[in-house]
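Asks: can you look at this prediction? I've put the sequence above it.
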Amino acid sequence: MTEPHKATRGSALEAPAQIETAILAGGCFWCVEAVFRELDGVVKVESGYCGGTRETADYQQVCTGRTDHAEAVRISYDARRISYEDLLKVFFSVAHDPTQKDRQGNDRGRQYRSAIFSVDEKQRAAAMAAIERLTRDQFFKDPIVTEVVTEHPFYPAENYHNNYAACHPSQPYIAHVATPKVEKLRRYFGHMLRDEPLP
């Protein structure tokens with residue numbers, strides 16, 4: 001008697017994907033994107049701008065810090081394979097430092113703020129619960145300053161920003177800021193990684 005056929009990843013017997021969206025801002029979008037592209041269940045990551053207007057949603061204007069945009073990433077993920085709560089774990093513990101207001105390291109300005117742009121009430125509640133738990137457990141020495149706001153329109157960034165870290169691994173900023181974040185992810189969240197990063 002033969003064993004029943006077992007479904008494998010990507011097989012016809014696998015449950016259909018349940019694609020959902022998360023929008024997160026945590027400093028330079030090159031670095032945040034590089035982290036989330038590594039996670040199993042994430043199917044697409046786009047760099048862009050959130051929080052300002054369409055008219056000023058371009059890199060040169062956003063870099064002035066006067067447009068009220070945040071550099072953000074829009075993450076499309078299969079909720080059957082990775083949860084929103086898991087994305088938040090990576091966001092808070094690897095992708096950026098949520099205790100730095102309007103900056104990340106040497107990157108300073110409103111465009112580098114820590115923010116979660118929730119797309120519905122369920123996400124907003126999950127984000128608030130995560131912040132409350134991290135605060136209660138004193139996970140960070142300093143207070144969390146992450147903003148949790150109802151979704152603002154997401155404006156995709158210029159094409160050259162997408163997958164920037166993978167395309168420019170030897171660029172000094174990528175080597176010194178983005179790469180260490182990815183290495184930290186691989187060290188602490190190895191069980192959540194894809195076989196290979198998104199192309």
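Replies: Great, that's in hand.

Asks: from here on, just use CA atoms for contacts and neighbour counts.
Replies: OK.

Asks: so what's residue 32 up against?
Replies: 25, 26, 73, 95, 96, 178 (Cα atoms under 8 Å, 6 or more residues apart in numbering).

Asks: which residues of the protein fall in strands?
Replies: All strands of the chain, identified by DSSP state E, fall at 19-26, 42-50, 70-78, 103-104, 107-108, 114-118, 147-150, 154-156.

Asks: of those, flag the one that's most buried.
Replies: Burial of those is given as mean neighbour count (mean count of other Cα atoms under 10 Å); strand 70-78 ranks first at a mean of 26.

Asks: what's the angle between that strand and strand 42-50?
Replies: Orientation note: strand 70-78 sits at an angle of 160 degrees relative to strand 42-50 (axes from the mean of the first three to the mean of the last three Cα atoms, to 10 degrees).

Asks: and strand 70-78, what does it pack against?
Replies: Strand 70-78 sits against strand 19-26, helix 29-36, strand 42-50, with contacts defined as 3 or more Cα pairs under 8 Å, 6 or more residues apart in numbering; DSSP states H and E.

Asks: now tabulate the ones you listed in a markdown table and tack on distance to residue 171.
Replies: Shown next, in a markdown table, are these (distance: least, Cα to Cα, whole Å):
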| stretch | distance to residue 171 |
| --- | --- |
| strand 19-26 | 20 |
| helix 29-36 | 12 |
| strand 42-50 | 18 |
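
Asks: list just the one of the ones you listed that sits closest to residue 114.
Replies: For the helices and strands packed on strand 70-78, the distance to residue 114 is smallest for strand 19-26, at 4.6 Å, taking Cα to Cα.

Asks: closest to residue 128 out of the helices and strands packed on strand 70-78?
Replies: Here strand 19-26 is closest among the helices and strands packed on strand 70-78 (Cα to Cα), at 13.8 Å.

Asks: what does the closest one contact?
Replies: Strand 19-26 is contacted by residues 32, 70-79, 84, 91, 95-98, 104, 112-119 when judged by Cα under 8 Å, 6+ apart.

Asks: partner strands of that strand, with direction?
Replies: On the basis of DSSP bridges, the sheet neighbours of strand 19-26 come out as strand 70-78 (antiparallel), strand 114-118 (antiparallel).

Asks: list the residues that contact the residue nearest to residue 44 when sequence neighbours are not counted.
Replies: Leaving aside its sequence neighbours, residue 44 sits nearest to residue 76 (Cα to Cα, 6 or more residues apart in numbering; 5.1 Å). Neighbouring residues of residue 76 by Cα under 8 Å, 6+ apart: 19, 20, 21, 22, 42, 43, 44, 45.

Asks: could you find the closest non-adjacent residue to the fifth one?
Replies: Looking back up the chat, that one is residue 42. Closest residue to residue 42 apart from its sequence neighbours, by Cα to Cα, 6+ apart: residue 77 at 4.2 Å.
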